[in-house]
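Undergrad: please work out how this folds:
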Amino acid sequence: MKKITLIVILFGLGLFTLNAQDLPANPEPGKCYVRCTTPDIYENQTVQVQITPEYKKLKTYPATYKTVTEKVLVKEAAKKLSVIPAKYATETVTFIKKQKASALSVVPAKFGTGAETVEIKPAYAQWELGSPAPDCASGNPDDCRYWCYKGYPAEFTTIPVKTLSSDASLTSSDIAEKSSTYTKKVIAQPARVVEEEIPAEYATITKTVIDKEAYSEEVIVPATFKTVSKEVLTQKGGLTTWKEVECSLVEYSALPINWNVSSSTLTSEAKSIIDTRLMPVLANNPGTKMEIASHTDSRGTKASNKDLSEKRAQAVVTYLLSKGVNGSRLVANGYGENRLKNRCADGVSCTERQHASNRRTEFRLINN
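TA: Okay, here's the model as predicted:
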């Protein structure tokens, strides 16, 4: 690491002679020294300052009103008669379309065949003159004859007849009953008159009434005070001494804070870096003075970059003050884009990594 011996040389209108008494006594070659001033020690005290005295005044109070709501009748109750017509239902009625009856059938008589013998001529007998005897000697034909009483049998004739096997009769058969249906409307619910109550109608009105009459009272206005914090010098400093420090501390060292774009607000990670990197340096080198330097890349205007870098440097200083570091030991400087570490100036095309090397925050110990 490069070794630098830090001394103070005064310049005015001309070059002044360096007095030996301004340098550390008995310095050692290769060592680095910073001039430290013993700081004044102050103590914060609070005092009460009376801003206004106590006094009396009359205070008047206007009448107060309240809004009340009231229910009012806007339409009286009444009755309404409604005629509800009868309601019908459809009913199916079954009727005998054709009554049950009997059908008569004639069973004709049945005949058989037979014969009946009828005596058509009764038996009889009569005298008949017989034939002359062949050997009759008389010439009288009536001679030589004899009378016979000859009987004749009755004469019969056979007449075919029909015999009655079975007489004519009647048979009865049922003719089935036939049914059918028809529909008719019947009253399911008779007509009726319904009496309906029409309720009264009300409205809500609001009106303003006096809640409390106007009145006055005497009021004591107390004195007012303001608490003022002030610094009280408890020990005078000013003694200048030379202190040997590590040479690396008088050169700019990186404070690896990753600032958010266009932001000067410290993140919790940034505060942790300050706690671990800067607080030990300040604690181990009492009486020394530290510069916080912040830089930007060339993008953006010079004025905005300068302003942003100053805000970032001041944010670090403000945080150190909150940790109890004496403000006389801290210097915040914002250099904007004035101290670029590479060629990436306005109009030069560079990578994001090259620009990032210019966006940095640094610290170093300086003479008090």
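Undergrad: wait, a helix at residue 283?
TA: Yes - assigned with DSSP: H, G, I helix; E, B strand; the rest coil, residue 283 falls within a helix.
Undergrad: residue 356: neighbour count?
TA: 13 (other Cβ atoms under 10 Å). C-beta: built from backbone N, CA, C; applies to glycine.
Undergrad: and the residue nearest to it when sequence neighbours are not counted, its phi and psi?
TA: Once flanking residues are discounted, residue 356 sits nearest to residue 297: 7.5 Å by Cβ to Cβ, 6 or more residues apart in numbering. In terms of degrees, to the nearest 10, the main-chain angles of residue 297 are phi -80, psi -180.
Undergrad: my guess is residue 297 contacts residue 337. True?
TA: Yes - in this structure, residue 297 is within contact of residue 337 by Cβ atoms under 8 Å, at 6.4 Å.
Undergrad: which neighbours do the two share?
TA: 305, 358 (Cβ atoms under 8 Å, 6 or more residues apart in numbering).
Undergrad: Provide a list of residues in contact with residue 212.
TA: Counted by Cβ under 8 Å, 6+ apart, residue 212 has contacts 63-64.
Undergrad: who's it bridged to?
TA: Per DSSP bridges, the residues bridged to residue 212 are residue 64.
Undergrad: for it, give its distance to residue 67.
TA: Distance, residue 212 to residue 67, by Cβ to Cβ, to the nearest Å: 14 Å.
Undergrad: CA atoms of stretch 186-193 as PDB?
TA: This file holds the C-alpha atoms of stretch 186-193, laid out as PDB (Å, rounded to 0.1, in the frame of the first residue of the first chain):
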ATOM      1  CA  VAL A 186    -116.600 -27.500 -10.000                       C
ATOM      2  CA  ILE A 187    -116.000 -24.800  -7.400                       C
ATOM      3  CA  ALA A 188    -112.800 -25.500  -5.500                       C
ATOM      4  CA  GLN A 189    -113.000 -22.300  -3.500                       C
ATOM      5  CA  PRO A 190    -116.100 -20.100  -3.500                       C
ATOM      6  CA  ALA A 191    -115.800 -16.400  -4.100                       C
ATOM      7  CA  ARG A 192    -115.200 -14.400  -1.000                       C
ATOM      8  CA  VAL A 193    -114.600 -10.900   0.200                       C
END
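Undergrad: which outside residues touch it?
TA: 81-91.
Undergrad: of these, which belong to strands?
TA: By the criterion of DSSP state E, membership of the contacts of stretch 186-193 in strands covers 81-84, 87-91.
Undergrad: pLDDT below threshold where in the stretch 201-350 of the chain?
TA: Scanning the stretch 201-350 of the chain for pLDDT under 70 picks out the ranges 229-231, 234-249.
Undergrad: and the strands in it?
TA: Taking DSSP state E, counting those that start in this stretch to define them, one finds strands in the stretch 201-350 of the chain at 201-212, 215-221, 224-235, 240-245, 253-254, 289-295, 330-336.
Undergrad: for the stretch 51-200 of the chain, same thing?
TA: Using DSSP E, counting those that start in this stretch, strands in the stretch 51-200 of the chain cover 55-61, 64-75, 78-84, 87-98, 101-107, 110-121, 124-129, 147-152, 155-166, 169-175, 178-189, 192-198.
Undergrad: nearest to residue 326, of those?
TA: strand 55-61 (43.7 Å; Cβ to Cβ).
Undergrad: could you give the mean pLDDT of that closest one?
TA: The predicted model assigns strand 55-61 a mean pLDDT of 82.
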